[in-house]
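> would you be able to build a 3D model of this:
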Amino acid sequence: MGHKKALPFEPLNIAVLTVSDTRDESTDTSGQFLAESLQQTGHLLADKKIVIDDIYKIRAVVSAWVATDHIQVILVTGGTGFTDRDSTPEALLPLFDKEVDGYGELFRQISFSQIGTSTIQSRAVAGMANKAVIFAMPGSTNACRTAWEDIIKSQLDASHRPCNFVAQLKKSTTELCETRG
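Residues are numbered from 1 along each chain as shown. Have a look, this model is predicted:
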């Protein structure tokens, strides 16, 4: 079966949120990695913030970004583990209109080859909210690299076939995936 011609790359407006009780701009290597990587790929860094690991502070920042007309993607790093302070999934799940179950499953599958069974402690989640896609990943820079390079980057590229998230996002000019049209 043939696929439609690849569409051109479309730069997206992406916000990065670091969830941490200890990081600041000078020590936020994971958030900085994501910001630099998305810009090197050709996307636009729409905003970047750091908040403490608190359900309501996380939810407030993400809710404000979701409510804007211009932020299409939100990358959240940190707060996905099992300590008492890890609350990113609890903050995000109520905001999702739809969950992207395959993201967490694929993240853990890829991570297994890197960190073994410790990957079961990752609560990486993703979902759609108000036509923005939100990806949450662990706070380590290596985990962010895995999520970005092995999953997210291609899904934010309109030329990735047969499907990607670009056409699903607010203010996108890309046509829907041929398997969904």
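
> number of nearby residues for the closest residue to residue 10 other than its chain neighbours?
Of all residues not flanking residue 10 in the chain, residue 158 sits nearest, at 4.5 Å (CB to CB, 6 or more residues apart in numbering). Every residue, glycine included, has its C-beta placed from N, CA and C. Neighbours of residue 158 under the rule other CB atoms under 10 Å: 22.

> isn't residue 158 up against residue 7?
Yes - with contact defined as CB atoms under 8 Å, residue 158 reaches residue 7; the gap is 4.4 Å.

> so who does residue 87 touch?
Residues near residue 87 by CB atoms under 8 Å, 6 or more residues apart in numbering: 53, 54, 55, 58, 79.

> gap between the residue nearest to residue 10 and residue 166?
Distance from residue 158 to residue 166, counting by CB to CB, to the nearest Å: 4 Å.

> now the strands for the chain?
Using DSSP state E, the strands of the chain run over 13-19, 44-51, 73-77, 98-99, 125-129, 132-137.

> what is the mean pLDDT for stretch 93-109?
The average pLDDT for stretch 93-109 rounds to 96.

> err, stretch 53-65, not the other one
Mean predicted confidence for stretch 53-65 is 97.

> report the distance from that stretch to the chain centre.
Between the centre of stretch 53-65 and the centre of its chain there are 15 Å (CA atoms, centre = their mean, to the nearest Å).

> buried residues in that stretch?
Buried residues in stretch 53-65, counted by 16 or more other CB atoms under 10 Å: 53, 58, 59, 61, 62, 63, 65.

> show me these that map onto helices.
58, 59, 61, 62, 63, 65 (DSSP state H).

> and residue 4, what pLDDT?
59.

> can you start the count at 727 instead of 1 from here on
Understood, numbering begins at 727; the last thing we discussed is residue 730.

> what is the neighbour count of the residue lying closest to residue 832 once chain neighbours are set aside?
The spatially closest residue to residue 832, leaving aside those adjacent along the chain, is residue 877, at 5.8 Å (CB to CB, 6+ apart). Residue 877: 19 surrounding residues under other CB under 10 Å.

> show me what contacts residue 877?
829, 832, 833, 836, 861.

> state the distance from the residue nearest to the spatial centre of the chain to residue 832.
Closest residue to the average C-alpha location of the chain: residue 861 at 2.4 Å, with CA atoms, centre = their mean. Distance of residue 861 to residue 832, computed by CB to CB: 11 Å.

> do the same with residue 870
In terms of CB to CB, residue 870 sits 15 Å off from residue 832.

> same thing with residue 866?
From residue 866 to residue 832 the distance is 17 Å (CB to CB).
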